[in-house]
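Q: Please find the sequence and the predicted model below.
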Amino acid sequence: MKVKITSQAYNPLLKRKEVAFEVEHEGTGGTPLRFEVRKTLASLLNENLELVYVKRLETKTGMTVAIGEANVYDTIEQARLVEPQYIIARNAPPQKPEEKEE
(Lines give C-alpha, C1' and ligand atoms only; values in the text may rest on other atoms or scores of the structure.)
Protein backbone atom coordinates (compact mmCIF):
# COMPACT_ATOMS: atom_id res chain seq x y z
CA MET A 1 0.00 0.00 0.00
CA LYS A 2 1.44 3.34 -1.11
CA VAL A 3 -0.03 6.64 0.09
CA LYS A 4 0.57 9.82 -1.90
CA ILE A 5 -0.55 13.21 -0.58
CA THR A 6 -2.05 15.24 -3.45
CA SER A 7 -2.87 18.45 -1.58
CA GLN A 8 -2.97 19.94 1.88
CA ALA A 9 -4.21 23.24 3.26
CA TYR A 10 -4.46 24.67 6.77
CA ASN A 11 -7.89 25.79 7.99
CA PRO A 12 -7.27 28.31 10.81
CA LEU A 13 -10.95 28.58 11.73
CA LEU A 14 -11.23 24.87 12.58
CA LYS A 15 -7.56 24.56 13.62
CA ARG A 16 -6.85 21.66 11.31
CA LYS A 17 -4.91 20.67 8.21
CA GLU A 18 -7.12 19.32 5.42
CA VAL A 19 -5.34 16.67 3.35
CA ALA A 20 -6.31 15.00 0.06
CA PHE A 21 -4.53 11.75 -0.79
CA GLU A 22 -4.39 8.71 -3.04
CA VAL A 23 -3.79 5.14 -1.88
CA GLU A 24 -2.36 2.63 -4.35
CA HIS A 25 -3.48 -0.79 -3.09
CA GLU A 26 -2.66 -3.26 -5.81
CA GLY A 27 -2.34 -6.79 -4.48
CA THR A 28 -3.95 -6.12 -1.09
CA GLY A 29 -7.32 -7.65 -1.96
CA GLY A 30 -9.43 -4.52 -1.90
CA THR A 31 -9.60 -1.11 -0.30
CA PRO A 32 -7.40 -0.99 2.81
CA LEU A 33 -8.89 -0.38 6.25
CA ARG A 34 -9.27 3.25 7.34
CA PHE A 35 -7.17 2.55 10.42
CA GLU A 36 -4.24 1.34 8.29
CA VAL A 37 -4.47 4.40 6.03
CA ARG A 38 -4.73 6.61 9.13
CA LYS A 39 -1.51 5.12 10.59
CA THR A 40 0.34 5.60 7.29
CA LEU A 41 -0.85 9.20 6.94
CA ALA A 42 0.16 9.98 10.53
CA SER A 43 3.69 8.71 9.89
CA LEU A 44 3.95 10.56 6.54
CA LEU A 45 2.85 13.85 8.12
CA ASN A 46 4.88 13.30 11.33
CA GLU A 47 1.73 13.69 13.43
CA ASN A 48 0.25 11.86 16.40
CA LEU A 49 -2.20 9.12 15.36
CA GLU A 50 -4.84 10.61 17.69
CA LEU A 51 -4.91 13.83 15.63
CA VAL A 52 -5.53 12.24 12.20
CA TYR A 53 -9.04 11.34 11.00
CA VAL A 54 -9.80 9.83 7.57
CA LYS A 55 -13.02 11.47 6.46
CA ARG A 56 -13.48 9.74 3.09
CA LEU A 57 -11.85 6.75 1.39
CA GLU A 58 -13.28 5.58 -1.92
CA THR A 59 -12.17 3.17 -4.65
CA LYS A 60 -13.81 3.31 -8.05
CA THR A 61 -15.01 -0.03 -9.42
CA GLY A 62 -12.21 -2.01 -11.04
CA MET A 63 -9.45 0.39 -9.95
CA THR A 64 -6.54 -0.19 -7.58
CA VAL A 65 -6.30 3.43 -6.46
CA ALA A 66 -8.47 4.88 -3.70
CA ILE A 67 -8.89 8.61 -3.22
CA GLY A 68 -9.61 10.13 0.14
CA GLU A 69 -9.67 13.11 2.45
CA ALA A 70 -8.36 13.42 5.99
CA ASN A 71 -8.25 16.06 8.69
CA VAL A 72 -5.23 16.59 10.97
CA TYR A 73 -6.11 18.61 14.07
CA ASP A 74 -3.88 20.76 16.27
CA THR A 75 -5.21 19.16 19.49
CA ILE A 76 -7.24 16.11 20.49
CA GLU A 77 -9.82 18.38 22.16
CA GLN A 78 -10.35 20.28 18.88
CA ALA A 79 -10.80 16.99 17.01
CA ARG A 80 -13.46 15.79 19.45
CA LEU A 81 -15.21 19.15 19.24
CA VAL A 82 -15.33 19.37 15.43
CA GLU A 83 -15.41 15.82 14.03
CA PRO A 84 -18.81 14.08 13.96
CA GLN A 85 -19.10 11.05 16.25
CA TYR A 86 -19.58 8.64 13.33
CA ILE A 87 -16.26 9.72 11.77
CA ILE A 88 -14.49 9.17 15.10
CA ALA A 89 -16.10 5.71 15.33
CA ARG A 90 -15.06 4.82 11.75
CA ASN A 91 -11.43 5.70 12.53
CA ALA A 92 -11.25 3.49 15.62
CA PRO A 93 -8.98 0.43 15.55
CA PRO A 94 -10.75 -2.70 14.28
CA GLN A 95 -12.21 -4.83 17.06
CA LYS A 96 -11.19 -8.45 17.32
CA PRO A 97 -14.19 -10.81 17.35
CA GLU A 98 -14.91 -12.10 20.83
CA GLU A 99 -14.67 -15.83 21.29
CA LYS A 100 -17.78 -17.52 22.64
CA GLU A 101 -17.39 -19.63 25.75
CA GLU A 102 -19.03 -23.02 25.44
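A: Looks like it came in fine.
Q: so what's Thr28 up against?
A: Thr28 makes contact with Met1 under the criterion C-beta atoms under 8 Å, 6 or more residues apart in numbering. The way it works is simple: take the backbone N, C-alpha and C, and place the C-beta from them, glycine included.
Q: so how far is Lys2 from it?
A: 10 Å (C-beta to C-beta, to the nearest Å).
Q: all helices of the chain, in order?
A: Listed in chain order, the helices of the chain (DSSP state H) span 34-44, 76-82, 85-90.
Q: In this structure, which residue is most central in space?
A: Closest residue to the average C-alpha location of the chain: Val54 at 2.7 Å, with C-alpha atoms, centre = their mean.
Q: Would you mind naming the residues that bridge with that one?
A: Beta bridges link Val54 to Ala70 when assigned by DSSP bridges.
Q: my read: it touches Arg38, true?
A: Yes. Counting by C-beta atoms under 8 Å, Val54 does reach Arg38; the two are 5.2 Å apart.
Q: Now list whatever residues contact both of the two.
A: Counting by C-beta under 8 Å, 6+ apart, the contacts common to Val54 and Arg38 are Ala70, Asn91.
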